[in-house]
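>>> Based on what follows, work out the 3D shape:
(chains A and B)
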Amino acid sequence: MDILSEKTFSLDNLSFFIFLPFRGAVNGCMMNASTDKPYMRKGLKERVKMKKKKITALLTAMAMTAGLLAGCGSSSDSGAAADTTGTGSDAGAEVQESPAAETTEADNSEQAAHTGEADAVTIWYYWETEGHQVALDQVIQDYNASQEQYEVTAKYVPFADFKKQLSIGASADELPDIAILDSPDHASYVEMGIFEDLTGKFDVSNYYDGTVNSCTVDGKLYGVPFGANCLALYYNEDMLNEAGCSVPTTWDELMDTAKALTTDSVTGLALCSVQNEEGTFNFVPWLWSTGATSYEINNDNGVRALTFIQSLVNEGVMSKECINWTQGDVMNQFISGNVAMMENGPWQIPTMQSEAPDLNWKVTLIPKDAEYSSVLGGENYAVINGGNVDGALDFLTYATSEEKVKYLMDKFGYISADKTIAENQFEADSPYQPFVEELNYAMPRGPLAEWPSVSDAISLAFNQVITGTAAPEDAAAEAQATIDGIVK
Amino acid sequence: MGKIKKFFRYDNVGIFFVLPAFLYMLIFVGYPIIRNIILSFQDVNAGNLVRGTKNFVMFNNYLELIGDSVFKTSLFNTLRYTVLCLVFQFVIGFALALFFNRKFAFAKPIRGILLVPWMIPVTVTALMFKLLFATDIGVINFILRSLHLINKNVEWLTTPGTAMFALICANVWIGIPFNMILISTGLTTIPKELYESSSIDGANKVQTFMRITLPLLKPTIESVLILGFIYTFKVYDLVYVMTSGGPVNSTHMLSTYSYKLSFEMFKYSKGSAVANVLLVILLIVGVFYIKATTEEEV
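Numbers count the residues shown, from 1 in each chain, chains lettered A, B, ... in the order given. Here you go, the predicted model:
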């Protein structure tokens, strides 16, 4: 202690603040050193000092070890808390590391919600795009102004934390009333038993089959599709014209075009290849186009899909760095002119139009092997059982009305899940129009409670071939073994 | 009675100061640990997290881990990463500490500035190193190319072996100040008289270092290494941001794999089993730490 305060000064004092949490450690070290002086006799004072040291050391060690348990969530959770856009959400920032401690608090706030003037309805969502948040907020404000019975608030939970927060919330009885979640995860949460059965409460007969299937389990409807999207191929028209290429429609043409477009500073094609659900989302259109399914990969078709993606990398027309690029990163590479073609979704269009208004790009169907194929994405509304179900249903009825759906889809760059709305949603020359066409070929992932594990096997296989750590045949066989262990 | 009286002697007053912290730890650390241990002996997944029975499957989760190649990779990775990080951090930190222990102009301000890596949030450091090690736009490849050390860009973060190297580089950069400052503080406690008398006796630099500096620093070195081990072993954020365990699961650590199992694949019990392996290893090291810091008094 005395050494710190007396001998160090100037900028070095910084250490004092940095090590505040670790003072035990610093003290421990220094006392060791001082008691080690051979010429000192150990008196009473010394012994007291050592007692203290013992306790400090014990506590420090405990704290260090314990830190690992909290460590898993802490860094990303602080982000969740800081980014909260909604206010007054009962399940706010405290749904963090210690689920058990919150149970009573949840009960209290629930009671408070029911005795208040207007019943609270909370929504969790994960859209990070500001435009999306503003649009949702607008609809919520309109709803709150239109009636007095319910008061809706929304809370942003980052995508990376969304599954975790819902799981923790489920076991701690601390959930919102409505969750707007990624459609392939829907079945897992239905399995968990936290969603209300909505069969017969909403008319989804005019919705795209894939969107309805994603929230249907055992013939019962457990959610309402929010909106749909799918992947398609974006291309830089100027680069294509310069290279004298036409728009590719088959894999062979795609390979030739990508080769022609690749220069020292430009790679022909990019697609998000990260090893998680986002990567799987981008891989399955290639897999399905061959006729392979998500559950039958170890056959000629599955191997052909893996081989094609590997050859893109081996030929140098797709960067290996795609395995670290999210879909947002891929879009940034595209608008920076580093990439000539990319696989991406319609939600990028508003950003691309504002960030790169001069870029001359168009959208087309993803080139096919045997048949055109794309993957269905988008979110579903789900109502949590045990919460404010009436309020949630009332809000959803309002939010799924034609007028509100149009407004939301427009602001989001999404396509309505309602076929009638979707078909008249865009002008014929709108960049969104190809996505409406692509939607006819789009299939959902799952629905399957164990989809996350299947998805992991698929994205692992593609990552193996992209990085060259496994041959397509081996990757396919390994993925199949994993999937068989889950599905059969 | 005598015992109680003895207990309240001046020596033990500290226990009452520690009590609030101890209770806090019991509730917020002890309970989750025990809960986590129970969880690892059950079979909890998406299906029975909320309702349904949580079957006890005894050691099944742990047995499954033994056959799980990603688990083996992550255990080996965690050990390799920790040892390599510790070696480099410690050697460089020690060298810098000795250097800044000399009296020269601006020694102290410069030492203060060197603490910056320790102050930056790890996520920021991770993003920075991710850019540094990028294949086409990364500064490191640019420098290596400019020096004609490589002809082709190295794919640092997309090749299994080099991705681990990049992670270690980033963590060494973070860890050097930690080692440096603790050893610096240790150095200031060595009495100057010892150096004076040794120089009168004609000891050279190496002898002074080996016979005076090292032995007197031994307790400090033990603490630094063991604390460093614990910090490094439970790494999560750095790996999560830089590689997320990729490419092809090659940089998974116990912590990231546990997170992935629990919150991405909904295999809560298997995830907690991985966390417990991590806990046991750290507990063993923690015991060594306590032993190392207390044995000096006997």
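>>> Show me where chain B dips below the pLDDT cut-off.
B:1-2, B:6-10, B:51-52, B:295-298 (pLDDT under 70).
>>> May I ask you to name the longest helix in it?
If you go by DSSP state H, chain B has its longest helix at helix B:69-101.
>>> show me the contacts for A:I366.
A:231-233, A:285-286, A:289, A:343, A:372-374, A:438 (CB atoms under 8 Å, 6 or more residues apart in numbering or on different chains). Placement of C-beta: from N, CA and C, glycine included.
>>> Mind doing that once more with 7 Å?
Neighbouring residues of A:I366 by CB atoms under 7 Å, 6 or more residues apart in numbering or on different chains: A:231-233, A:285, A:343, A:373-374.
>>> Let's see which of those residues end up in strands.
Using DSSP state E, A:232-233, A:343, A:374 are the members of the contacts of A:I366 that sit in strands.
>>> Return the member of the residues you listed nearest to chain B.
Distance to chain B, by CB to the nearest CB, is smallest for A:E343 among the ones in strands among the contacts of A:I366, at 18.5 Å.
>>> hang on, the closest one packs against A:C230?
No - with contact defined as CB atoms under 7 Å, A:E343 does not reach A:C230; the gap is 10.6 Å.
>>> Nearest to chain A: which residue in the stretch 1-150 of chain B?
For the stretch 1-150 of chain B, CB to the nearest CB, closest residue to chain A: B:G112, 2.9 Å.
>>> and that residue, what element?
Element membership for B:G112, per DSSP states H and E: helix B:107-113.
>>> Ok, B:I290 next?
Here B:I290 sits within helix B:268-294, counting by DSSP H and E.
>>> what does the stretch 101-250 of chain B put close to chain A?
Neighbours of chain A within the stretch 101-250 of chain B, by CB under 7 Å from any CB of the partner chain: B:108-109, B:111-113, B:115, B:118-119, B:122-123, B:134-135, B:155, B:157-160, B:181-182, B:185-186, B:188-189, B:191, B:216, B:219-220, B:223, B:227, B:230, B:234, B:236-237, B:244, B:246-249.
>>> so what's the nearest residue to A:S416 once chain neighbours are set aside up against?
The shortest distance from A:S416 to any non-neighbouring residue, by CB to CB, 6 or more residues apart in numbering or on different chains, is to A:A422 (4.5 Å). Contact analysis of A:A422 by CB under 7 Å, 6+ apart lists A:415-416, A:436.
>>> Work out for me the element the residue in the stretch 151-298 of chain B that chain A sits nearest to sits within.
Nearest residue of the stretch 151-298 of chain B to chain A: B:P219, at 3.0 Å (CB to the nearest CB). Under the criterion of DSSP H and E, B:P219 resides in helix B:214-233.
>>> returning to that earlier point: ok, how many other residues are close to the residue of the stretch 1-150 of chain B closest to chain A?
Residues near B:G112, counting by other CB atoms under 10 Å in any protein chain shown, number 21.
>>> how much space between it and B:I183?
16 Å (CB to CB, to the nearest Å).
>>> again with B:T135
In terms of CB to CB, B:T135 sits 36 Å off from B:I183.
>>> more neighbours, the two?
Shown here are B:T135 and B:I183; by other CB under 10 Å, B:I183 has more neighbours (24 against 19).
>>> List the contacts of that one.
By CB under 7 Å, 6+ apart, the neighbours of B:I183 are B:93-94, B:97, B:217, B:220, B:224.
>>> show me the contacts for residue 198.
Using chain A. A:221-224, A:383.
>>> not quite, I wanted chain B
With CB under 7 Å, 6+ apart, B:S198 has these contacts: B:208, B:212.
>>> count of neighbours near the nearest residue to A:E423 once chain neighbours are set aside?
Leaving aside its chain neighbours, A:E423 sits nearest to A:V436 (6.9 Å; criterion: CB to CB, 6+ apart). By other CB under 10 Å, the residues close to A:V436 number 20.
>>> Within the helices and strands, which one has A:V436?
helix A:433-439.
>>> who's in contact with that helix?
Contact with helix A:433-439 is made by A:208, A:228-230, A:232, A:346, A:363-365, A:374, A:415, A:422-423, A:426, as judged by CB under 7 Å, 6+ apart.
>>> and after it, which helix or strand comes next?
Immediately after helix A:433-439, counting by DSSP H and E, sits strand A:442-443.
>>> who does that next one touch, helix- and strand-wise?
Packing partners of strand A:442-443 (3 or more CB pairs under 7 Å, 6 or more residues apart in numbering or on different chains; DSSP states H and E): strand A:374-383.
>>> which strands and helices sit next to the strand it packs on?
Looks like strand A:374-383 contacts strand A:178-182, helix A:186-192, helix A:209-214, strand A:224-230, helix A:277-289, helix A:389-399, strand A:442-443 (3+ CB pairs under 7 Å, 6+ apart).
>>> from the chain's centre, how far out does it sit?
Relative to its parent chain, strand A:374-383 has a centroid offset of 12 Å by CA atoms, centre = their mean, to the nearest Å.
>>> and the gap between A:V487 and chain B?
According to CB to the nearest CB, to the nearest Å, A:V487 stands 14 Å off from chain B.
>>> Could you pull up the residues touching that residue?
A:Y295.
>>> Okay, the residue nearest to A:E423 and A:P184: tell me how far apart.
A:V436 is 21 Å from A:P184, by CB to CB.
>>> Repeat that for B:L144.
From B:L144 to A:P184 the distance is 41 Å (CB to CB).
>>> and these two? which has more neighbours close in?
Per other CB under 10 Å, whichever of B:L144 and A:P184 has more neighbours is A:P184, with 25 against 15.
>>> nearest residue to the more buried one other than its sequence neighbours?
A:R445 (4.2 Å).
>>> what about that neighbour, how many neighbours?
24.
>>> and it, helix, strand or coil?
Secondary structure assignment for A:R445 (DSSP: H, G, I helix; E, B strand; the rest coil): coil.
>>> which residues sit in contact with A:N463?
Contacts of A:N463 by CB under 7 Å, 6+ apart are A:273, A:275, A:323, B:246-248.
>>> Where neighbours are concerned, which of those has the most?
A:S273 (31 neighbours).
>>> My understanding was that that residue contacts A:G279; is that so?
Yes - taking CB under 7 Å as the definition, A:S273 is a contact partner of A:G279 at 5.2 Å.
>>> Name the residues contacting each of these two.
A:F462.
>>> Would you map out the domains in chain A?
Domains of chain A are assigned by automatic domain parsing as A:2-81, A:99-230+A:377-431, A:232-365+A:450-487.
>>> Which of the ones you listed sits closest to B:V280?
Among the domains of chain A, domain A:2-81 comes nearest to B:V280, with 9.9 Å by CB to CB.
>>> So for the closest one, mean pLDDT?
Average pLDDT, domain A:2-81: 42.
>>> do stretch A:127-138 as well
In this model, stretch A:127-138 has an average pLDDT of 88.
>>> How far off centre is it?
Offset of stretch A:127-138 from its chain centre (CA atoms, centre = their mean): 16 Å.
>>> any idea where the helices of the stretch 351-488 of chain A begin and end?
Taking DSSP state H, counting those that start in this stretch as the criterion, the stretch 351-488 of chain A contains helices spanning A:389-399, A:402-412, A:419-423, A:433-439, A:451-467, A:472-487.
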